[in-house]
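Peer 1: All I have is the shape, not the residue letters:
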């Protein structure tokens, strides 16, 4: 079974060596708590963050709330649905949100810094990706609390991350956070009961497989909501595939953070899928680099790449799709159409077509002076994405 209902030491293990923490806070927890003003909610959150910082833990906040704050400032009755109106509310609300954060931080003796990001900043451009990571690193070294949000005032579908659960997962993966906490309005994930009775809470999930995904529900129609459990599970897939844990917990009372760090069996913990944490350049390949094409391999090559940690040789290639050049990132797809891995190709699509299915010793005769490598994708520039076909052997070749 990929989940169980009691903690058996997984939380203690996940908390070992905790030095860097990403916390995602949703709009409803800041803007939609009855009887508590938004200013006070932010102060409560920052007070808990300050306590974590005093313990020597670096904290990065991924905070929703810009559109919600804009709704409050402009007196709008419901979250807008059209893009220009959303962007306008985000532009107004982000100012209010950061004012509340900075005021609360100053009361605690430190400052916060704002980073507004799009998918382009993280995924499409390696230089911008590194600039974002370097900026966050410098903020942390300077004792500043990074507060990150998607840049909703300029984002459109083509450049959106899509949800702050996913943004938190990408940020955590980028900065190699030791843990990611998604604070929401429910105490973790629950398994639907067959008889309609009380639903049991999943304490620990070791794999987000189809059975777990099937339990997820969408948002409940609240005007402040965007995502749902499905996006949180996608975030868990990303973080745990990189080798780090993710925790979903009820943030209605922000003191839950103390309980989490005390190892209390609250919320749902998603444990790492790897024994070792993924290396930095492989993280970029797996989660940030946009593939330019697809290389389709046979079952033998799939086993060699996924289970034996080998490079991709031309003999196991049966097809390729799309246009790509040497040095581009490509998807490696198995015979059933499933994505197995991503890597940097040594050959362009036209060259791959010419050498597919042949022994590496034949590459020179087919390509002449262009035959620079025996491998199409070398294992040092290849990352296996976790699938049922991947076994622990993959870990033996992690840098």
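Peer 2: Sure thing, it's come through. Source: prediction; values computed, not measured.
Peer 1: contacts, neighbours, all on C-alpha from now
Peer 2: Will do.
Peer 1: Quick check, central residue of this protein?
Peer 2: residue 169 (2.4 Å; CA atoms, centre = their mean).
Peer 1: so residue 291 sits right up against residue 332, yeah?
Peer 2: No - look at residue 291 against residue 332 with CA atoms under 8 Å: they stay out of range, at 9.8 Å.
Peer 1: Quick check: closest non-adjacent residue to the residue nearest to the centre of the chain.
Peer 2: residue 235 (5.1 Å; CA to CA, 6 or more residues apart in numbering).
Peer 1: What spatial separation is found between that neighbour and residue 167?
Peer 2: 8 Å (CA to CA, to the nearest Å).
Peer 1: show me what contacts the residue nearest to the centre of the chain?
Peer 2: 180, 235-236, 238-239 (CA atoms under 8 Å, 6 or more residues apart in numbering).
Peer 1: Count the neighbours of residue 365 for me.
Peer 2: Other residues lying near residue 365 total 11 when counted by other CA atoms under 10 Å.
Peer 1: I misspoke; the intended subject was residue 137.
Peer 2: 14.
Peer 1: separation between it and residue 318?
Peer 2: 43 Å.
Peer 1: Flag every buried residue along the helix or strand residue 169 falls within.
Peer 2: Per DSSP states H and E, residue 169 falls inside helix 164-175. For helix 164-175, a neighbour-count test (16 or more other CA atoms under 10 Å) marks 164-175 as buried.
Peer 1: and residue 164, what does it touch?
Peer 2: So residue 164 contacts 24, 26, 62-64, 149-150 (CA under 8 Å, 6+ apart).
Peer 1: could those be laid out in JSON lines, adding secondary structure, neighbour count and distance to residue 130?
Peer 2: Below are the contacts of residue 164 laid out as JSON lines (DSSP: H, G, I helix; E, B strand; the rest coil; neighbours: other CA atoms under 10 Å; distance: CA to CA, whole Å):
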{"residue": "24", "secondary structure": "strand", "neighbour count": "27", "distance to residue 130": "21"}
{"residue": "26", "secondary structure": "coil", "neighbour count": "24", "distance to residue 130": "26"}
{"residue": "62", "secondary structure": "strand", "neighbour count": "25", "distance to residue 130": "18"}
{"residue": "63", "secondary structure": "strand", "neighbour count": "23", "distance to residue 130": "21"}
{"residue": "64", "secondary structure": "coil", "neighbour count": "27", "distance to residue 130": "23"}
{"residue": "149", "secondary structure": "strand", "neighbour count": "23", "distance to residue 130": "18"}
{"residue": "150", "secondary structure": "strand", "neighbour count": "24", "distance to residue 130": "17"}
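Peer 1: Throw the residues you listed into a markdown table and include distance to residue 121 and pLDDT, thanks.
Peer 2: Below are the contacts of residue 164 laid out as a markdown table (distance: CA to CA, whole Å; pLDDT from 0 to 100):
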| residue | distance to residue 121 | pLDDT |
| --- | --- | --- |
| 24 | 19 | 96 |
| 26 | 22 | 86 |
| 62 | 15 | 96 |
| 63 | 17 | 91 |
| 64 | 18 | 83 |
| 149 | 12 | 90 |
| 150 | 10 | 85 |
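Peer 1: Need the per-residue pLDDT for residue 221.
Peer 2: At residue 221, the model reports a pLDDT of 39.
Peer 1: for residue 173, same thing?
Peer 2: Looking at residue 173, its pLDDT stands at 93.
Peer 1: okay but it is in contact with residue 237, surely?
Peer 2: No - at 11.2 Å, residue 173 does not count as touching residue 237 under the criterion of CA under 8 Å.
Peer 1: Tell me how the protein divides into domains.
Peer 2: Domain segmentation of the chain under automatic domain parsing yields 3-281, 291-394.
Peer 1: do you know how far residue 8 is from residue 143?
Peer 2: Residue 8 sits at a distance of 35 Å from residue 143 (criterion: CA to CA).
Peer 1: meant to ask about residue 181
Peer 2: 21 Å.
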